[in-house]
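Visitor: here's a sequence, model it:
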Amino acid sequence: MIRPRRSLLFMPGSNTRALEKARNLPADGIILDLEDSVAPDAKAMARDQIAKAIAAGGFGKREVLIRVNSLDTPWWVEDVTMAGKARPDGILVPKISTVDDLNAIANRLSDINAPTSIRVWAMIETARAVLDADKLAAASRDSETRLAGFVFGPNDISRETRIRMQPGRATMIPMITHCILATRAHGLEILDGPYSDISNIDGFATECAQGRDLGFDGKTLIHPSHIEACNAIFTPPAEEVEQARKVIAAFEKPENASRGAIQLDGRMVERLHADMARRTIAIADAIAAMGH
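Guide: Numbers count the residues shown, from 1 in each chain. Predicted coordinates for the structure are as follows:
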């Protein structure tokens with residue numbers, strides 16, 4: 001089943017009020033954070049709060065992920081152990097660079113008999129991860145890795161590579177498309193990283209639209225004020241959905257059953273367009289089912 005992932009909002013696990021608020025926000029998903037937004041001395045407390053928040057439920061149809069700390073920290077084992085027992089929809093792991101990193105997470109989840117429904121999302125934040133995006137995505141063929149997709153992390157990539165983040169992201173586009181191709185080659189999803197200039201709504205909307213056009217499935221967010229615009233931009237327009245339904249209906253006509261291409265409204269339409277149309281309709285239906 002296709003799940004809408006237009007907007008996934010980071011919420012600090014150390015902030016009780018934020019965890020409460022997350023239950024009523026119109027985001028498609030919530031990422032309960034143990035990493036960047038939580039101070040070292042608050043990690044244990046945040047871990048407990050996230051476990052209690054998930055146990056209490058109330059997130060509705062929203063996807064719930066837990067972002068754990070990276071494998072080069074002293075906290076990740078306890079984070080993953082808690083997450084495996086708390087049973088979120090998924091675990092988001094920062095700074096995944098190698099297949100060995102994915103296997104380390106998989107082994108920990110296996111050791112604690114975590115349910116197989118918990119999926120793993122890899123944050124692509126290092127030069128090595130970008131270069132080896134295809135190898136990382138290919139690891140999803142081993143079901144033990146539980147790999148569902150990537151989250152592109154431009155800020156950390158910029159810091160590590162000294163490639164500057166600039167408006168329009170021209171410097172980042174080769175890396176973005178490389179990672180998107182890797183996910184598509186292996187049937188995975190990929191989400192765009194957050195936009196840091198919170199008050200620049202026009203800039204955010206522009207980057208959102210660019211991300212959609214580049215092929216991202218949605219965007220991670222760091223402020224609730226971005227949810228509405230993000231959802232709107234990643235929602236298939238009504239006319240696109242209507243056209244998709246026309247394409248499907250046309251190919252379902254008996255006289256078109258054996259044809260690879262047909263004429264519709266004066267344009268040539270191929271069966272690959274029917275596949276694209278089915279996905280558009282599935283996303284639109286899934287968004288409607290969210291009921292935001």
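
Visitor: ranges for the strands of the chain?
Guide: With strands called from DSSP state E, the chain shows them at 7-12, 29-33, 63-67, 90-93, 119-124, 147-152, 189-192, 218-221, 261-264, 267-270.

Visitor: would TSV of those strands with mean pLDDT and mean neighbour count be doable?
Guide: (Each C-beta comes from the backbone N, C-alpha and C, glycine too.) Formatted as TSV, the strands of the chain follow (pLDDT from 0 to 100; neighbours: other CB atoms under 10 Å):
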stretch	mean pLDDT	mean neighbour count
strand 7-12	97	25
strand 29-33	98	26
strand 63-67	98	24
strand 90-93	98	25
strand 119-124	98	25
strand 147-152	98	24
strand 189-192	98	24
strand 218-221	98	28
strand 261-264	91	14
strand 267-270	92	13
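
Visitor: can you redo those strands as CSV with distance to Asp48?
Guide: Formatted as CSV, these follow (distance: least, CB to CB, whole Å):
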stretch, distance to Asp48
strand 7-12, 14
strand 29-33, 12
strand 63-67, 13
strand 90-93, 17
strand 119-124, 22
strand 147-152, 25
strand 189-192, 27
strand 218-221, 24
strand 261-264, 57
strand 267-270, 54
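
Visitor: now for the ones you listed, which one comes closest to Asp79?
Guide: When these are compared by CB to CB, strand 63-67 sits nearest Asp79, at 7.4 Å.

Visitor: list the contacts of the most centrally placed residue in the chain.
Guide: Among the residues of the chain, the one closest to the centroid is Leu191, at 3.8 Å (CA atoms, centre = their mean). Applying CB atoms under 8 Å, 6 or more residues apart in numbering, we find Leu191 in contact with 5, 8, 121, 149-152, 216-220.

Visitor: adding distance to Ala46, write the residues you listed out as a markdown table.
Guide: Below are those laid out as a markdown table (distance: CB to CB, whole Å):
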| residue | distance to Ala46 |
| --- | --- |
| Arg5 | 24 |
| Leu8 | 18 |
| Trp121 | 19 |
| Gly149 | 24 |
| Phe150 | 24 |
| Val151 | 20 |
| Phe152 | 24 |
| Phe216 | 28 |
| Asp217 | 27 |
| Gly218 | 25 |
| Lys219 | 24 |
| Thr220 | 18 |
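
Visitor: which residues touch Met1?
Guide: Residues counted as contacts of Met1 (CB under 8 Å, 6+ apart) are Ala286.

Visitor: ditto for Pro167
Guide: Per CB under 8 Å, 6+ apart, neighbours of Pro167: Gly203.

Visitor: state the distance from it to Thr98.
Guide: 32 Å (CB to CB, to the nearest Å).

Visitor: how about His226?
Guide: 32 Å.

Visitor: so Ala282 makes contact with Arg3?
Guide: No: checked against CB atoms under 8 Å, the pair Ala282 and Arg3 is beyond contact range at 9.8 Å.

Visitor: looking at the two, which one has more neighbours?
Guide: Between Ala282 and Arg3, counted using other CB atoms under 10 Å, Arg3 has the larger neighbour count: 19 against 16.

Visitor: can I assume that one is in contact with Ile283?
Guide: No: counting by CB under 8 Å, Arg3 does not reach Ile283; the two are 9.1 Å apart.

Visitor: show me what contacts the closest residue to the residue nearest to the centre of the chain other than its chain neighbours?
Guide: For Leu191, ignoring the flanking residues on the chain, the nearest one in space by CB to CB, 6 or more residues apart in numbering is Val151 at 4.8 Å. Residues counted as contacts of Val151 (CB under 8 Å, 6+ apart) are 92, 121-124, 190-191, 193, 220.

Visitor: alright, I will stop here.
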